[in-house]
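K.L.:
With the input below, show me the fold.
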Amino acid sequence: MTVQQSDIQWYIARDGKQHGPLSDVEMRTFVAQGHLKPTDLIWRPGFADWRPAPTVFPFQAPETPAPPSRAPATRPSAAPAQASSPAVVERSFEPSRIRVARDTESEAPSRKGRIIGAAVLLVLVAGAGGWYVWKNQGTGDKPAETAKLEEPAKTSPPAAAATQTAAGTAQTAATPPVSPEAVEKSEQELDAKFQKTTMWNVVKREFPDWYSEQLKEAAKLSVEHKPQMDINKHLAEALVALRRQHAKEALAASTEKLKDVANAFLANLKSLGERSVGACYGFISQGETAPVVLQIMQSPEQGASVRAQIAAIFEAIADGRKSPTTHEHAVKKDYEVLVQQLTKLGWKENDLKVFSNPSALSREPPARVCQMVQDWFVAHLAVKDKATQERLLVETLKPVVSG
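P.N.:
Residues are numbered from 1 along each chain as shown. As a prediction, the model looks like this:
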């Protein structure tokens, strides 16, 4: 059976790391904005192996010719690496993690062209629900299935090969060995620190083996005097991977637990927004691994809302594991109720169109995007009928727990 263009899921390999999946629309938007590099490798279902980007998406001549040294002649090998090498391959759901033009230290991006990569994810975090609302107005059909955006592809790409530079090898060889005693002491100190937070209490209770493994790795990084941001990033990425692995269990939680997740997500966005637009937008576009969020997480006070949201998701996972609940799919009348709530918040027809269109949403100022996502969750939580609210929450929380 031929795969429809809209069903294609693309993957990108860059610098030995794998990113994706991206829908066909997202991928072509990414290419159109000039974010794809000639040295990237591309894969999608149907490809036998990774292909050089220029053979899949021909490059137009840039306005300023690139230096000859940047020609793709030095492309890394497309041969698959060993699947058992997690340090080589990074499977990321967020297309915005491919940072071609990194934002400046200013947390509020000012150039719309630089936010397109991040805005692609907005459709996954919130716009998928907006898509339901808009596409199902005036039809009696059941909402189209968008679980493809939240679930892993049925066929996975081969691992992206990593090239190890001589400098990298030398740096690794120069790293002094760490003693088991020092790592153990660091583990005890980190455990005492972590267990002061609800988030790590929940994670340790539900996944003790995973917690012990990550604690040991974080302790080792600490003993090796790695920057705190590196340690935070390692833990955040591990938490994201664990959350995605158990997303279905989170979505099988009770309605009250789902409401807790939605409330925590909304409270987190509001808290980050009060700090800065960049913090709110960074979380929407990149989640827990956004640099600005990692920085905030270093502060017990400023990172409280982020940890509360993570804790709420893992409490939902625990509830779904213990007493799984089967939830019904949202239907047209549910979204009509949601539109009524959004209208009360001042939304017009054009707002629904913008929110459900990735290209249009990418052109909106970050402050407006943050407000729209907050409104989206406010509207869900304002729905009075419990059954209607339950169906809506299950759909809108899919990207939150699995994205």
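K.L.:
residue contacts, residue 312?
P.N.:
Neighbour list for residue 312: 257, 260-261, 263-265 [criterion: C-beta atoms under 8 Å, 6 or more residues apart in numbering]. The C-beta positions use only the backbone N, C-alpha and C, and glycine is treated the same way.
K.L.:
Ok, residue 299 next?
P.N.:
Residue 299 is in contact with no residue at all, counting by C-beta under 8 Å, 6+ apart.
K.L.:
quick one: secondary structure of it?
P.N.:
Per DSSP: H, G, I helix; E, B strand; the rest coil, the local secondary structure of residue 299 is coil.
K.L.:
now it: how far from residue 228?
P.N.:
With the distance defined as C-beta to C-beta, to the nearest Å, residue 299 ends up 11 Å from residue 228.
K.L.:
which helix is the longest one in this structure?
P.N.:
For the chain, the helix with the greatest residue count under DSSP state H is helix 255-275.
K.L.:
then that helix to PDB, C-alphas only?
P.N.:
What follows is helix 255-275 as a C-alpha-only set of coordinates in PDB (Å, rounded to 0.1, in the frame of the first residue of the first chain):
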ATOM      1  CA  THR A 255     -10.000  12.000  34.900                       C
ATOM      2  CA  GLU A 256      -9.000  13.700  38.100                       C
ATOM      3  CA  LYS A 257      -5.300  12.800  37.400                       C
ATOM      4  CA  LEU A 258      -5.600  14.000  33.900                       C
ATOM      5  CA  LYS A 259      -7.000  17.300  35.200                       C
ATOM      6  CA  ASP A 260      -4.100  17.500  37.600                       C
ATOM      7  CA  VAL A 261      -1.700  17.200  34.600                       C
ATOM      8  CA  ALA A 262      -3.600  19.900  32.700                       C
ATOM      9  CA  ASN A 263      -3.700  22.200  35.700                       C
ATOM     10  CA  ALA A 264       0.000  21.700  36.400                       C
ATOM     11  CA  PHE A 265       0.900  22.300  32.700                       C
ATOM     12  CA  LEU A 266      -1.200  25.600  32.800                       C
ATOM     13  CA  ALA A 267       0.300  26.700  36.100                       C
ATOM     14  CA  ASN A 268       3.800  26.000  34.700                       C
ATOM     15  CA  LEU A 269       3.200  28.100  31.600                       C
ATOM     16  CA  LYS A 270       1.900  31.000  33.700                       C
ATOM     17  CA  SER A 271       4.800  30.800  36.100                       C
ATOM     18  CA  LEU A 272       7.400  30.700  33.200                       C
ATOM     19  CA  GLY A 273       5.500  33.500  31.400                       C
ATOM     20  CA  GLU A 274       5.700  35.700  34.500                       C
ATOM     21  CA  ARG A 275       9.500  35.200  34.500                       C
END
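K.L.:
Give me the buried subset of the contacts of residue 312.
P.N.:
Neighbour counting with 16 or more other C-beta atoms under 10 Å marks 257, 260-261, 263-265 as buried within the contacts of residue 312.
K.L.:
Quick check: buried residues in stretch 47-62?
P.N.:
Residues 50-51, 53-54, 56-57 are the ones in stretch 47-62 that count as buried (16+ other C-beta under 10 Å).
K.L.:
Check stretch 295-308 too.
P.N.:
Judged by neighbour count (16+ other C-beta under 10 Å), stretch 295-308 contains these buried residues: 295-297, 303-308.
K.L.:
likewise stretch 358-371?
P.N.:
Going by neighbour count (16+ other C-beta under 10 Å), the buried part of stretch 358-371 is 358, 361-362, 364, 366, 369-371.
K.L.:
what's the first-to-last distance across that stretch?
P.N.:
With C-alpha to C-alpha, to the nearest Å as the measure, the ends of stretch 358-371 fall 16 Å from one another.
K.L.:
per-residue confidence averaged over that stretch?
P.N.:
pLDDT averaged over stretch 358-371 equals 86, rounded to a whole number.
K.L.:
Ok, stretch 342-351 next?
P.N.:
Average pLDDT, stretch 342-351: 94.
K.L.:
for stretch 297-311, same thing?
P.N.:
According to the model, stretch 297-311 has a mean pLDDT of 91.
K.L.:
Likewise for stretch 42-56?
P.N.:
84.
K.L.:
can I get the CA coordinates of it in PDB?
P.N.:
Extracted in PDB, the C-alpha atoms of stretch 42-56 (Å, rounded to 0.1, in the frame of the first residue of the first chain):
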ATOM      1  CA  ILE A  42      17.700  12.000   5.600                       C
ATOM      2  CA  TRP A  43      15.600   8.900   6.200                       C
ATOM      3  CA  ARG A  44      11.900   8.000   6.000                       C
ATOM      4  CA  PRO A  45       9.900   4.700   5.800                       C
ATOM      5  CA  GLY A  46      10.600   3.300   2.300                       C
ATOM      6  CA  PHE A  47      14.300   4.200   2.300                       C
ATOM      7  CA  ALA A  48      16.700   1.300   2.600                       C
ATOM      8  CA  ASP A  49      19.200   3.500   4.400                       C
ATOM      9  CA  TRP A  50      20.100   7.100   5.200                       C
ATOM     10  CA  ARG A  51      20.500   9.400   2.200                       C
ATOM     11  CA  PRO A  52      22.400  12.600   1.800                       C
ATOM     12  CA  ALA A  53      20.100  15.600   2.200                       C
ATOM     13  CA  PRO A  54      20.900  17.100  -1.200                       C
ATOM     14  CA  THR A  55      19.700  14.000  -3.000                       C
ATOM     15  CA  VAL A  56      16.300  14.200  -1.200                       C
END
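K.L.:
Now do the strands for this protein: every range, in order, please.
P.N.:
Residue ranges of the strands in the chain, as given by DSSP state E, are 9-14, 17-23, 41-43, 51-52.
K.L.:
quick one: which of these is nearest residue 235?
P.N.:
Go through the strands of the chain one by one with C-beta to C-beta and the one that ends up closest to residue 235 is strand 17-23, at 18.3 Å.
K.L.:
just to revisit the earlier point, now render the buried residues of stretch 358-371 as CSV, adding distance to residue 388.
P.N.:
Converted to CSV, the buried residues of stretch 358-371 look like this (distance: C-beta to C-beta, whole Å):
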residue, distance to residue 388
358, 27
361, 25
362, 31
364, 28
366, 31
369, 26
370, 26
371, 24
